[in-house]
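**Student:** need a structure here:
(chains A and B)
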2 protein chains.
Amino acid sequence: MSQSKDRSPNVVWHQAQVTREMREQQAGHRSAVLWFTGLSGAGKSTLAHAVEERLHLMGCRTFVIDGDNVRHGLCRDLGFGDDDRVENIRRVAELAGLFVQAGVLTLTAFISPFRRDRAQARELLGEDFIEVFCDTPLDVCEERDVKGLYARARAGEIAAFTGISSPYEAPEDAEIVVPSGSEPIEDSVQRVLDYLVAKQWIKGVSA
Amino acid sequence: MSQSKDRSPNVVWHQAQVTREMREQQAGHRSAVLWFTGLSGAGKSTLAHAVEERLHLMGCRTFVIDGDNVRHGLCRDLGFGDDDRVENIRRVAELAGLFVQAGVLTLTAFISPFRRDRAQARELLGEDFIEVFCDTPLDVCEERDVKGLYARARAGEIAAFTGISSPYEAPEDAEIVVPSGSEPIEDSVQRVLDYLVAKQWIKGVSA
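**Tutor:** Numbering: from 1, shown residues only, chains lettered A, B, ... in the order given. Next up is the predicted model:
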């Protein structure tokens, strides 16, 4: 207690700062955002989690942001109208940016159908934004219809359903395009990893 | 390509899942939220960053969430009215919860003056919530007045300023109480680390 009495009341403490670069060095890899986009049922979430698992096994720090962990939490005040969808994607991008600062290889899995919204995320995240287009054709997604959503959308039970009653604006400049509908998932995972190694986000390892 | 043809269209892929526990094991420590609360000028942010620096040097995965990195980003749609302050704290708690899932020792530094809001964060985060009360008396904070805010509040230029024209409800059950106004910061850092070691969130190391 008495020690503090010796100090000038005007001392401004050095603000310690652990930086992104220090965290990346500690982690042994760089941090970035893999932004998975594609139709409902295109395999975004499945692929994101499969890529995460491989990265984790390689020792990387990873996290997947998807509807499951933000729609009931951070974004639970948002609905599914146009404005709220835009705000949802904005928050996801901001959130991903914080994870990047924290040194984490971050994977987001949202339909994010509009170019403008993805462009906003790209602008916010800059060079850390890696767009991964799960390019599964609509008919394949609709045939799979894992959650039965396409059937309901066709029956008019879901308004503004992407691919049916609302457009999906396919990326024109995605860093990675994955033909999720026509290749084994292992190949898709490898495709993403090859990109990360080639661009030196992570170090390559023999599998 | 032909490989996929051999597969049943009804196959539901195994959803890979990297869990919090897997990340904690990889990190070598558990994840939690150190929730710093106290008056403006009580030393929350300074202490949080100093604790983070020590934890980082020990090899821990860390991140500080404070006004600087959320008010201009994730929460930039929010103002400073009562409802928006509550929503701000809610989002910070949700955000911190995601970082905990990601295996990160997370430190938040917000005045968070109301017991109800901190109780909400505690409820959301459960046992991962560690409240750190920076118990610096008002007169000390006001004398420091690093940002000149108290002077402006006294002059009536800032509405609902905590401690002056809006109450600060001191924690009654904080896990850690730090007499920030009357001990050297090194002692405060050690106080927090001792708690984390004692409760087995991190392993102790000889400094």
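
**Student:** drop to CA atoms for contacts and neighbour counts, all remaining ones
**Tutor:** Will do.

**Student:** Any idea which helix or strand in chain A has the lowest mean pLDDT?
**Tutor:** Lowest by mean pLDDT, DSSP states H and E among the helices and strands of chain A is helix A:2-5, with a mean of 38.

**Student:** give the contact list for the residue nearest to A:T19 when sequence neighbours are not counted.
**Tutor:** Setting aside the residues directly before and after it, A:T19 is nearest to A:Q101 in space (Cα to Cα, 6 or more residues apart in numbering or on different chains), at 7.6 Å. By Cα atoms under 8 Å, 6 or more residues apart in numbering or on different chains, the residues touching A:Q101 are A:19-20, A:31.

**Student:** could you pull out the helices for chain A?
**Tutor:** Here chain A has its helices, by DSSP state H, at A:2-5, A:20-27, A:44-57, A:67-70, A:82-101, A:115-125, A:138-144, A:149-154, A:185-198.

**Student:** So which of these is nearest B:I158?
**Tutor:** Of all these, helix A:82-101 sits nearest to B:I158, with 28.5 Å by Cα to Cα.

**Student:** Report pLDDT for the closest residue to A:R20 other than its chain neighbours.
**Tutor:** Nearest non-adjacent residue to A:R20, counting by Cα to Cα, 6+ apart: A:Q101, 5.0 Å away. With respect to pLDDT, A:Q101 scores 96.

**Student:** Centroid-nearest residue for chain A?
**Tutor:** A:T108 (1.7 Å; Cα atoms, centre = their mean).

**Student:** Give me the distance between stretch A:51-66 and the centre of its chain.
**Tutor:** 12 Å (Cα atoms, centre = their mean, to the nearest Å).

**Student:** Residues contacting that stretch, please?
**Tutor:** So stretch A:51-66 is contacted by A:27-29, A:45, A:48-49, A:92, A:96, A:103-110, A:189, A:192-193, A:205, B:16-18, B:23, B:26, B:102 (Cα under 8 Å, 6+ apart).

**Student:** and with 7 Å instead?
**Tutor:** Stretch A:51-66 is contacted by residues A:27, A:29, A:49, A:104-110, A:189, B:16-18, B:102 when judged by Cα atoms under 7 Å, 6 or more residues apart in numbering or on different chains.

**Student:** Go through it and flag the buried ones.
**Tutor:** If you call a residue buried by 16 or more other Cα atoms under 10 Å in any protein chain shown, then stretch A:51-66 has these buried ones: A:51-56, A:60-66.

**Student:** In the residues you listed, find the pair that's most separated.
**Tutor:** Maximum distance among the buried residues of stretch A:51-66 (Cα to Cα): 19.0 Å, for A:C60 and A:D66.

**Student:** near chain B, which residues of chain A?
**Tutor:** For chain A, the residues in contact with chain B (Cα under 7 Å from any Cα of the partner chain) are A:1, A:3-4, A:15-18, A:46, A:49-50, A:53, A:63, A:73-74, A:91, A:94-95, A:102, A:144, A:182-184.

**Student:** A:A153 against A:G163, yeah?
**Tutor:** No. If you go by Cα atoms under 7 Å, A:A153 and A:G163 don't touch, sitting 9.6 Å apart.

**Student:** out of the two, which sits in the busier spot?
**Tutor:** Neighbours per residue (other Cα atoms under 10 Å in any protein chain shown) separate A:A153 from A:G163, with A:G163 holding more: 20 against 17.

**Student:** So A:E24 is in contact with A:R30, correct?
**Tutor:** Yes. With contact defined as Cα under 7 Å, A:E24 counts as touching A:R30 (5.3 Å).

**Student:** Identify the contacts common to these two.
**Tutor:** Common neighbours of A:E24 and A:R30 (criterion: Cα under 7 Å, 6+ apart): A:G103.

**Student:** More neighbours: the two, which one.
**Tutor:** Neighbour comparison, A:E24 and A:R30: the larger count goes to A:R30, with 23 against 19 (by other Cα under 10 Å).

**Student:** pLDDT wise, what is that one at?
**Tutor:** 98.

**Student:** From chain B, how far out is it?
**Tutor:** Remark: distance between A:R30 and chain B (Cα to the nearest Cα, to the nearest Å) = 14 Å.

**Student:** Might you report the residue contacts of A:A27?
**Tutor:** Per Cα under 7 Å, 6+ apart, neighbours of A:A27: A:60-61.

**Student:** typo on my end, A:A109
**Tutor:** A:35-37, A:44-45, A:48, A:65-66.

**Student:** Would you mind listing which of these are buried?
**Tutor:** A:35-37, A:44-45, A:48, A:65-66.

**Student:** which two from these end up farthest apart in space?
**Tutor:** When Cα to Cα is used, the two most widely separated members of the buried ones among the contacts of A:A109 are A:T37 and A:I65, lying 12.5 Å apart.

**Student:** Give me the buried entries from the residues of chain A next to chain B.
**Tutor:** Buried, going by 16+ other Cα under 10 Å: A:16, A:18, A:46, A:49-50, A:53, A:63, A:73-74, A:91, A:94-95, A:102, A:144, A:182, A:184, out of those.

**Student:** Nearest to A:R122 among the residues you listed?
**Tutor:** Relative to A:R122, the closest of those is A:E94; by Cα to Cα it sits at 10.8 Å.

**Student:** quick one: the closest one from B:E127, how far?
**Tutor:** 27 Å (Cα to Cα, to the nearest Å).

**Student:** The nearest residue to A:S40 once chain neighbours are set aside: what's it in contact with?
**Tutor:** Closest residue to A:S40 apart from its sequence neighbours, by Cα to Cα, 6+ apart: A:I111 at 6.4 Å. The neighbourhood of A:I111, defined by Cα under 7 Å, 6+ apart, consists of A:37-40.

**Student:** Filter the residues you listed down to just the ones in strands.
**Tutor:** A:T37 (DSSP state E).

**Student:** Distance to B:V86 and pLDDT for the contacts of A:I111 - can I get that in TSV?
**Tutor:** Formatted as TSV, those follow (distance: Cα to Cα, whole Å; pLDDT from 0 to 100):
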residue	distance to B:V86	pLDDT
A:T37	32	98
A:G38	35	97
A:L39	35	97
A:S40	34	95
